[in-house]
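1. Got a predicted structure plus its sequence, pasted below:
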Amino acid sequence: MFLEKARTNPRLLNLDHNFKETKPEVRVDIDRRQAADLGISIAAVGRTIETLMGSREVTTYVVGGQEYKVLLQAPDSARLSPYDLQNVFVRTGSGGLVPLSNVVTLSERARAQTLSRQDRVRAITITASLAPGYSLGEALDFLDRTAKEVLPQEARISYLGQSLEFRESSGALYVTFALALLVVFLVLAAQFESFIHPFVILLSTPLAVTGGLLALWVTGQTLNVFSQIGMVLLIGLMAKNGILVVEFANQLRDRGMSVRDAVLEASVVRLRPILMTSIATVLGAVPLAMATGAGAESRQALGVVIVGGITLSTIVTLYAVPALYLLLAPYTKPIGAIAAKLADLQTKPVTGHGHQAAE
């Protein structure tokens, strides 16, 4: 049922599974009511079949100090065919003999050569190839939805190979992205002695992620492990643009300039360094985005994210960072404000009680 539903997806190619029923098997079904009427116990039927077909140890004997097992089993000529059971008799409770065929029914069927297990549970592994342009994440999401619709509630789903790596790395990268953002924010907060300035600086990060996703969509790339690594790199690459503007604006405020004049002057003076570093980074990532040959898919995804993310965020942050600084900076004091206040206190003459104590 699950495979039939999965095969309706034309973008899943060569869909297959490892449960191949190619091993012949004979099933013996006991008619319990008939056996009870004839006075034959189920244990006697099972013991008879085990003894004649599979052998059973009944006793041991010792010869020359060596102990040997005594095994009972029908000769090879009497167990060549499953239907040789019709020539076997089983003893009833009263001591009579009844043909085994009177109480058992034979049926032939096929079963799998081996029963694989995953996490100590019997499992069937399903494999497939992906059509061009169909990502692994989309395929796994489709199979997960299909499993919820078709499989019973007690069925469990797990992943192997590339699917397992994709699921684990995707979840880990989201945590890594959040931790990287938090660490950068805390470092900037310690450097600028404010929680507002790091917020202004990291404004470029979501813009860079948007640019990276847009570049992936335009080029037909997928959001895979390598493109997610590129998203994490954008945090550090794009924070520098905001740092250049905010740090210089703070220096100008320490010199006595107003917030508006400081951010205007910083935006003009830092325009060239921002453009030079951004263009150099983009040009350095272009060979990755245009890579060919073995493993080019991973390099292309990484390069496309960097090129698209830095290009869009650089253009937008040239306007967004100064505007946000102008809006929020009045609620903060210049970094040198505390040092200037301490220096002011040291230069003031001691008066009042302090003067009297000195006398």
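-> Happy to help now that I have it.

2. Every contact and neighbour count from this point should use C-alpha atoms.
-> OK.

3. Which secondary structure element of this protein has the lowest mean pLDDT?
-> Least confident element among the helices and strands of the chain, by mean pLDDT, DSSP states H and E: helix 353-358 (a mean of 45).

4. show me where pLDDT drops low in this protein?
-> In the predicted model of the chain, residues 169-173, 295, 334-345, 348-359 satisfy pLDDT under 70.

5. ok, which stretches of it are strands?
-> With DSSP state E as the criterion, the chain has strands at 12-17, 21-30, 56-63, 66-72, 89-91, 97-99, 104-112, 117-118, 121-122, 126-130.

6. quick one: contacts of the last one?
-> If I follow you right, that is strand 126-130. Outside of strand 126-130, the residues that reach it under the criterion CA atoms under 8 Å, 6 or more residues apart in numbering are 11, 12, 13, 14, 15, 16, 17, 18, 136, 139.

7. Can you tell me which of the strands of the chain is most buried?
-> strand 89-91 (a mean of 19; mean count of other CA atoms under 10 Å).

8. quick one: contacts of that one?
-> Where contact means CA under 8 Å, 6+ apart, the residues beyond strand 89-91 that reach it are 40, 44, 45, 48, 97, 98, 99, 100.

9. How far off centre is it?
-> Relative to its parent chain, strand 89-91 has a centroid offset of 60 Å by CA atoms, centre = their mean, to the nearest Å.

10. What strands flank that strand, and is each parallel or antiparallel?
-> The partner list of strand 89-91 in its sheet, established with DSSP bridges, is strand 97-99 (antiparallel).

11. contacting residues around the strand it pairs with?
-> Counting by CA under 8 Å, 6+ apart, strand 97-99 makes contact with 86, 87, 88, 89, 90, 91, 92, all of which sit outside it.

12. and of the residues you listed, the nearest to residue 78?
-> In terms of CA to CA, no member of the contacts of strand 97-99 lies closer to residue 78 than residue 87, at 8.4 Å.

13. out of everything not next to it in sequence, what's closest to the closest one?
-> Ranked by CA to CA, 6 or more residues apart in numbering and with sequence neighbours excluded, the top spatial neighbour of residue 87 is residue 99, at 6.8 Å.

14. Quick check: beta-bridge partners of that neighbour?
-> When bridges are called by DSSP bridges, residue 99 pairs up with residue 89.

15. still on that earlier bit, can you convert the strands of the chain into CSV and add a column each for distance to residue 265?
-> Written out in CSV, the entries for the strands of the chain read as follows (distance: least, CA to CA, whole Å):
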stretch, distance to residue 265
strand 12-17, 58
strand 21-30, 77
strand 56-63, 97
strand 66-72, 100
strand 89-91, 105
strand 97-99, 107
strand 104-112, 77
strand 117-118, 64
strand 121-122, 68
strand 126-130, 54
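
16. Figure out which of the ones you listed is closest to residue 220.
-> Of all these, the one in closest proximity to residue 220, counting by CA to CA, is strand 126-130 (15.3 Å).

17. what's the angle from the closest one to strand 12-17?
-> Strand 126-130 and strand 12-17 are oriented at 170 degrees to each other (axes from the mean of the first three to the mean of the last three CA atoms, to 10 degrees).

18. Given strand 126-130, what are its sheet partners and their directions?
-> strand 12-17 (antiparallel).

19. List the contacts of the partner strand.
-> Contacts made with strand 12-17 from outside it, assessed by CA under 8 Å, 6+ apart, are listed as 3, 6, 7, 124, 125, 126, 127, 128, 129, 130, 131, 139.

20. Show the contacting residues for the nearest residue to residue 274 once chain neighbours are set aside.
-> In space, not counting the residues next to it along the chain, residue 274 is nearest to residue 241; the distance is 5.8 Å by CA to CA, 6+ apart. Contacts for residue 241 (CA under 8 Å, 6+ apart) come out as 201, 274, 314, 317.

21. Now do residue 241 against residue 99, distance only.
-> Per CA to CA, to the nearest Å, residue 241 is found 92 Å from residue 99.

22. All the helices of the stretch 201-350 of the chain, residue numbers only.
-> Listed from the start of the chain, the stretch 201-350 of the chain has helices (DSSP state H, counting those that start in this stretch) covering 204-219, 225-254, 259-269, 271-289, 296-328, 337-347.

23. Can you say which of these is nearest to residue 67?
-> Smallest distance to residue 67 across the helices of the stretch 201-350 of the chain (CA to CA): 64.6 Å, for helix 225-254.

24. buried residues in that closest one?
-> 225-235, 237-254 (16 or more other CA atoms under 10 Å).

25. Stretch 313-321 now?
-> Neighbour count says stretch 313-321 has 313, 314, 317, 318, 320, 321 buried, by 16+ other CA under 10 Å.

26. Show me the contact partners of that stretch.
-> With CA under 8 Å, 6+ apart as the contact definition, stretch 313-321 has outside contacts at 200-201, 203-205, 207-208, 211, 238, 241-242, 245, 267, 271, 274-275, 278.

27. and with 7 Å instead?
-> The set of residues that contact stretch 313-321 without belonging to it, under CA atoms under 7 Å, 6 or more residues apart in numbering, is 200, 201, 204, 207, 208, 211, 242.
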